[in-house]
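Student: build me a model:
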Amino acid sequence: MIVLEDTELVRDLGNLNLGDARNPIDELDAATRALDNEALIKRIHPKLPGLEHVLDTLREVIGWPFLYHQEATELGVKWPRGVLLHGPSGTGKTSAVYAVASEFNAIVHLVTAGSILGSFVGESERRLREIFSTASRDAEETGAPVVLFLDDVDSLCPRRGPGQQHEARLVGQLLTLLDGAASSSISNSATGNATTNSSSNSSLDDTNRGSKNSLGACRTSTAAAIKNQTPAGHVVVIGATSRPNALDPALRRPGRLDREVTVPIPSLHARSQILASLAATLPLDPGNVDLDLISSQCHGYTGADLEALCREAAMEVISEQILAEIDNEKKEALENNTCSNRGGDDGASTGPAPSTASPLSSKPQQRRITTEDFLQAMHRVGASVARTVVKEFPPALWSDVGGLEETKKKLQQAVEWPITKAEAFKRLGIRSPRGVLLHGPPGCAKTTLARAAATASGATFIPLQGASLYSMYVGEGEAELREAFRKARYAAPSIIFVDELDMLVGKRGGGVGENSSDDTSSRLLSTFLNEMDGLELAGGILVLATTNRPGSIDSALIRPGRFDLTVYVPPPDLLGRIAALKIHSRRIPLASDVDLDTLAKVTERYTGAELEAVCREAAMSALREDIEKASEVAMRHFEAAVRGVVPMLSEEMLEKYASWPPRKR
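Tutor: Numbers count the residues shown, from 1 in each chain. The predicted model follows:
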């Protein structure tokens, strides 16, 4: 149904000469087809920011065969019969289909797995045939476009394999029906064309005979020709999925779903428009809400995620108000009102009747939604596109790492600046690195540095672990690796974090750690290289990896264009050890004789993890000394802990770590 909300459009429709049409729907169809298509679309359908190319493709498939049927007939053009929309859940695939269908007054038949799959043999196939038959009948009887919308088509047409007889039958039936729908549409269109040609030839013959009523005959033949220019049986099949690789390949060949359109996650500009539209009905604080700031921090959020974010921001205010009422001892009054309403014996109430309006609308003096409410809601509503691959990694700050100031500066320039200073990079034509490799001894805070860089940049953090990618099934690990990169493209700007890179993609020919004959590592490495090479076109994606065995990494990874930057993370120096000791002892009650500077001097070559172990062991030493009365940790406890925690690094090992990668002349 088309809803006319624009007065200018209504005025344009009123000025059109619709002739003697009797049916109001026919009048509206004639009027809308007479208007410029692009101007009509801008005025009627709901806004879907960032989906302009998706809407244009759907218009070509659904509406153009009606609007430009004569032009296509003259040029011999066959319209595409199907479209596959693929993208993350919540990006607006279904909304786009219904929006374009409403523009052209099309009939939509929604097909889902729940409405098709049956418990008896052959029942699913029968239901599928009935739906296609109904769609064809509606197209022939009404003359309007009919859309068969296969939502979550991957559930209806999964990739066929051995032992899947039921799925194979259903897939085969769907493919047969798709071929039949296309053949039927072509046949009906050809019939219409033949009728048109026949009418035109007949009119020419009548004119050449010199009839007295030649003008009337010409008008009659022209009307008949225009009537027959409308295609009959116009059925379009549109599939939507968030898992395109799970579809059977036969569904994606030309002649079935001819067009494949990616429905992306909203860009920064689109997120701002969506937030402005959603927040229009919320009680915002005009002087303390920055929607542009909020949208800039919603990396990877879909339209559905933004809607949930607005709901949670409103819940922040409601929860605060309810808690304030309880703190002001209003809980008892609310309970009394509730009891009096339930009883109702005396027919009177000592207090005012409880309001049915929401707290936000009934109290004008209450606090309104601010930017801080949205930021708090972000902790509960994350980007749904990354939930399937993102594991819970606690955020970190640069201050959580003691020392290593030079290393932090390099990471800020390579990881944080390309995202937070993107305009400056673009202005100077600087290409951001695709990969950054942190290498150094174990326990030197490489993982914490990576988390701090991701937190500071505000990018989506997607960690990968080698154990989750190794599978007993051939090809499953490579598929999960490709899926992680695909999710990262959707959620850009994003950081893919690979901890212990040498365990995931070791040197070729030696397997994992050069001790295994299994070729799984070689296949993963090949997939990893291909995905990293594809990041040049994707943009906004950085691969951040760590390793304490850099010599075990394949040399193909350590070249410009893949891991452009390698950063050595050494053990902390004297100032770094002092800072690390302060960080790890901040929750420990220290005695007055504790001198952290002296401890830092006697802990040379200690890593950050070993300094943390020293603080923990000193506290345990005080506890063992007097478990009942111990209240502080003294210097003697730290001295005992230093003697017990021996550094594992030698001068030779440090020199070996610092000299990688070897420089070639």
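
Student: so for Val121, what's the pLDDT?
Tutor: Per-residue pLDDT puts Val121 at 79.

Student: which strand or helix spans it?
Tutor: When elements are assigned from DSSP states H and E, Val121 belongs to no helix and no strand.

Student: ok, it - how many residues close by?
Tutor: 10 (other Cβ atoms under 10 Å). For glycine as for every other residue, the C-beta is placed from the backbone atoms N, C-alpha and C.

Student: cool, Leu148 as well?
Tutor: Per other Cβ under 10 Å, the neighbour tally for Leu148 reads 23.

Student: distance of it from Leu177?
Tutor: Between Leu148 and Leu177 the distance, using Cβ to Cβ, to the nearest Å, works out to 9 Å.

Student: can you list residues touching both of those two?
Tutor: Residues touching both Leu148 and Leu177 by Cβ atoms under 8 Å, 6 or more residues apart in numbering: Phe132.

Student: can you give me the strands in the stretch 501-650 of the chain?
Tutor: Taking DSSP state E, counting those that start in this stretch, the strands of the stretch 501-650 of the chain run over residues 541-547, 565-568.

Student: make CSV out of those and add distance to Ala313.
Tutor: Below are these laid out as CSV (distance: least, Cβ to Cβ, whole Å):
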stretch, distance to Ala313
strand 541-547, 29
strand 565-568, 38
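
Student: to Leu282, which of those strands lies closest?
Tutor: strand 541-547 (32.9 Å; Cβ to Cβ).

Student: other residues contacting that closest one?
Tutor: Strand 541-547 is contacted from outside by 415, 418, 432-439, 446-447, 450, 453-454, 459, 485, 488-489, 492-502, 532, 535, 553, 563, using Cβ under 8 Å, 6+ apart.

Student: so which of those residues are in helices?
Tutor: Judged by DSSP state H, helices contain the following of those: 418, 446-447, 450, 453-454, 485, 488-489, 501-502, 532, 535.

Student: least confident pick among those residues?
Tutor: Comparing the ones in helices among the contacts of strand 541-547 by pLDDT, Leu535 comes last, at 77.

Student: pull the number of nearby residues for that residue.
Tutor: Leu535: 21 neighbours (other Cβ under 10 Å).

Student: which residues does Leu170 contact?
Tutor: Ile116, Leu117, Ser124, Glu125, Leu128, Leu156, Cys157.

Student: what helix or strand is it on?
Tutor: Using DSSP H and E, Leu170 falls in helix 165-208.

Student: just Met315 next, same as before
Tutor: helix 303-327.

Student: low-confidence bits of the stretch 201-350 of the chain, can you list those?
Tutor: 201-233, 329-335, 337-350 (pLDDT under 70).

Student: strands of that one, start to end?
Tutor: Ranges of strands within the stretch 201-350 of the chain are 235-241, 259-262, based on DSSP E, counting those that start in this stretch.

Student: and the ones you listed, which is most packed in?
Tutor: Comparing the strands of the stretch 201-350 of the chain by mean neighbour count (mean count of other Cβ atoms under 10 Å), strand 235-241 ranks first with a mean of 26.

Student: centre of the chain to it, how far?
Tutor: 21 Å (Cα atoms, centre = their mean, to the nearest Å).

Student: and for stretch 299-319?
Tutor: With Cα atoms, centre = their mean, you get 15 Å for stretch 299-319.

Student: sorry, back to before: out of the strands of the stretch 201-350 of the chain, flag the one nearest Ile588.
Tutor: Closest approach to Ile588 among the strands of the stretch 201-350 of the chain is made by strand 259-262 (53.4 Å; Cβ to Cβ).

Student: which non-adjacent residue is nearest the residue most central in space within the chain?
Tutor: Centroid-nearest residue in the chain: Val385, 3.7 Å away (criterion: Cα atoms, centre = their mean). For Val385, the nearest residue in space outside its immediate sequence neighbours is Pro88; the separation is 4.2 Å by Cβ to Cβ, 6 or more residues apart in numbering.

Student: one more: Gly239?
Tutor: Here the residue nearest Gly239, using Cβ to Cβ, 6+ apart, is Val153, at 3.7 Å.

Student: next one: the residue nearest to the centre of the chain from Phe638, what distance?
Tutor: 48 Å.

Student: redo the contacts of Leu170 as TSV? Include secondary structure, neighbour count and pLDDT.
Tutor: Formatted as TSV, the contacts of Leu170 follow (DSSP: H, G, I helix; E, B strand; the rest coil; neighbours: other Cβ atoms under 10 Å; pLDDT from 0 to 100):
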residue	secondary structure	neighbour count	pLDDT
Ile116	helix	21	85
Leu117	coil	16	81
Ser124	helix	21	85
Glu125	helix	19	87
Leu128	helix	21	89
Leu156	helix	26	85
Cys157	coil	27	85
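
Student: still on that earlier bit, SS state for the residue nearest to Val385?
Tutor: Secondary structure, DSSP: H, G, I helix; E, B strand; the rest coil: Pro88 is coil.

Student: about what we covered before: which one, of the strands of the stretch 201-350 of the chain, ends up nearest to Asp327?
Tutor: The nearest among these, by Cβ to Cβ, is strand 235-241 at 48.2 Å.

Student: tell me the buried residues in stretch 59-78?
Tutor: Across stretch 59-78, burial judged by 16 or more other Cβ atoms under 10 Å covers Arg59, Glu60, Val61, Ile62, Gly63, Trp64, Pro65, Phe66, His69, Ala72, Thr73.

Student: picking that back up, out of the strands of the stretch 501-650 of the chain, deepest packed?
Tutor: strand 541-547 (a mean of 25).

Student: check the offset of stretch 242-262 from the chain's centre.
Tutor: 20 Å.

Student: ok, stretch 617-637 next?
Tutor: 51 Å.

Student: same question, stretch 136-143
Tutor: Taking Cα atoms, centre = their mean, one finds the center of stretch 136-143 at 37 Å from the center of the full chain.

Student: stretch 142-161 too?
Tutor: Here stretch 142-161 is found 23 Å from its chain centre; the criterion is Cα atoms, centre = their mean.

Student: same thing with stretch 616-623?
Tutor: Distance of stretch 616-623 from its chain centroid, counting by Cα atoms, centre = their mean, is 47 Å.

Student: and the protein, what are its domains?
Tutor: Per automatic domain parsing, the structural domains of the chain span 1-44, 51-207+222-262, 268-332+362-383, 398-568, 574-648.

Student: show the pLDDT at Thr598.
Tutor: So, for Thr598, pLDDT stands at 93.

Student: that one: neighbouring residues, count only.
Tutor: Thr598: 12 neighbours (other Cβ under 10 Å).

Student: send me the one helix or strand Glu74 maps to as PDB with only the CA atoms.
Tutor: Using DSSP H and E, Glu74 sits within helix 69-75. Extracted in PDB, the C-alpha atoms of helix 69-75 (Å, rounded to 0.1, in the frame of the first residue of the first chain):
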ATOM      1  CA  HIS A  69       8.100  -2.700 -20.500                       C
ATOM      2  CA  GLN A  70       7.800  -1.200 -24.000                       C
ATOM      3  CA  GLU A  71      11.400   0.000 -24.100                       C
ATOM      4  CA  ALA A  72      12.600  -3.400 -23.000                       C
ATOM      5  CA  THR A  73      10.500  -5.100 -25.700                       C
ATOM      6  CA  GLU A  74      11.900  -3.000 -28.400                       C
ATOM      7  CA  LEU A  75      15.500  -3.700 -27.300                       C
END
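
Student: same for that helix, what does it pack against?
Tutor: Contact partners of helix 69-75 among helices and strands, from 3 or more Cβ pairs under 8 Å, 6 or more residues apart in numbering; DSSP states H and E: helix 165-208.

Student: for Lys656, find the nearest of the domains of the chain.
Tutor: That would be domain 398-568 among these, by Cβ to Cβ, at 8.7 Å.

Student: how long is that closest one end to end?
Tutor: End-to-end distance of domain 398-568 (Cα to Cα, to the nearest Å): 17 Å.

Student: repeat that for stretch 136-151.
Tutor: 19 Å.
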